[in-house]
Each structure stands twice: as C-alpha cells, then as structure tokens.
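Enquirer: Here is the input, now give the coordinates:
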Amino acid sequence: MTPLKFEGGCHCGNLTYVFEASSPLDRLGLRACQCRFCREHGARNTSDPQGHMRIAVRDPENLRRYRFALKTADFLICSECGVYIGAVMADGDATWMSVNVNTFTDPPAVNHPIVRMNFDGEDAQARRNRRKARWTPVAEFQEVPAKVA
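Expert: As a prediction, the model looks like this:
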C-alpha cells in the first residue's frame, strides 16, 4: 500500500514536516486533548504507529521546545510565528510524534469528527507507554542552522 502523505508546518515555514500515514484520517481519527495548552491552541492531533514523520527546522534558534506537567514530551512551537505543530517524545534513540492537523498544508475540515481526550489520570510511565504505542515514529528530525551571509 502506498502511504498517504500529509505535508505541513508553521506559518513562516521555519518548522515543516512530512507525515506519511498508513491510513486516511477518517481511520486514524483526530483527538482533542482537554489540557489547557491544547485547548488554548485549538489543537486537533493525530498519529499513526505504522507511519513515519520527517521534521525539518530551518532556523533552530526559532524552535521553541515547551515542556509542562509531567515533562514527558516537547511541544514544538515556532518562536517566530507562534504556531504549535505537534509534540515529540524521545526515549533512547527513538522518537515519536503527535501532529497538530491544523498545521497541514490542506487541513481537514473544522467539522471533521474529533474525540475529546483527558489524560489527567496518567502517571509519567503510563503516558510514555501510551505515546510509544499510539504516536508516529520520527524517521528524521533535521535542524539546519541558518547560514550567515
């Protein structure tokens, strides 16, 4: 089966990604975490454990990694335009990501069905285990320093 390709990134183009999924969004589903951070960003996330993600950062100086609560993941925000593209979690040599579909070049309709999620009851280990099982493996995370002219 040919993977489905979703491209996207922040408004200014500093953070970009290619998400190759094994299934369409209707099958993967969209989630809306009910934490304050995700609600305030209007995030709708998806992931695919059978897919993979390639992330490129044009100017690492403008990549902000925000951690809160259990500090088990980095929420990737462009400090230039303020867009949250998704969250990554690393463990050893492996990294996984949940992507904010609002940052797709062609995002799903605003009325696309979502499942509201609440992860308040999880401890750090349960959260890491869930993410390893459900999030998308990151095949490449490339931070290219800006060239000085």
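Enquirer: Can you show me the strands along this protein?
Expert: 4-9, 15-21, 30-33, 45-46, 52-57, 63-66, 74-78, 84-91, 94-100, 114-117, 136-143 (DSSP state E).
Enquirer: Tell me which of those strands sits most buried.
Expert: Most buried of those, by mean neighbour count (mean count of other Cβ atoms under 10 Å): strand 45-46, with a mean of 24. In short, each C-beta sits where N, CA and C put it, glycine included.
Enquirer: what is the mean pLDDT for that one?
Expert: If you average the pLDDT over strand 45-46, you get 98.
Enquirer: Go ahead and confirm residue 94 touches residue 136.
Expert: No - using Cβ atoms under 8 Å as the test, residue 94 is too far from residue 136 to be in contact (11.5 Å).
Enquirer: circling back: how about the strands of the chain, which one is nearest residue 128?
Expert: Evaluated over the strands of the chain, closeness to residue 128 peaks at strand 84-91, with 6.7 Å, by Cβ to Cβ.
Enquirer: just the CA coordinates of the closest one, formatted as CSV?
Expert: Output of strand 84-91 as CSV, limited to C-alpha atoms (Å, rounded to 0.1, in the frame of the first residue of the first chain):
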residue,chain,number,x,y,z
TYR,A,84,2.3,24.8,17.6
ILE,A,85,2.9,21.9,15.1
GLY,A,86,2.9,18.9,17.4
ALA,A,87,4.6,17.2,20.3
VAL,A,88,7.6,14.8,20.3
MET,A,89,8.8,12.3,22.8
ALA,A,90,12.2,10.7,22.8
ASP,A,91,13.4,7.6,24.5
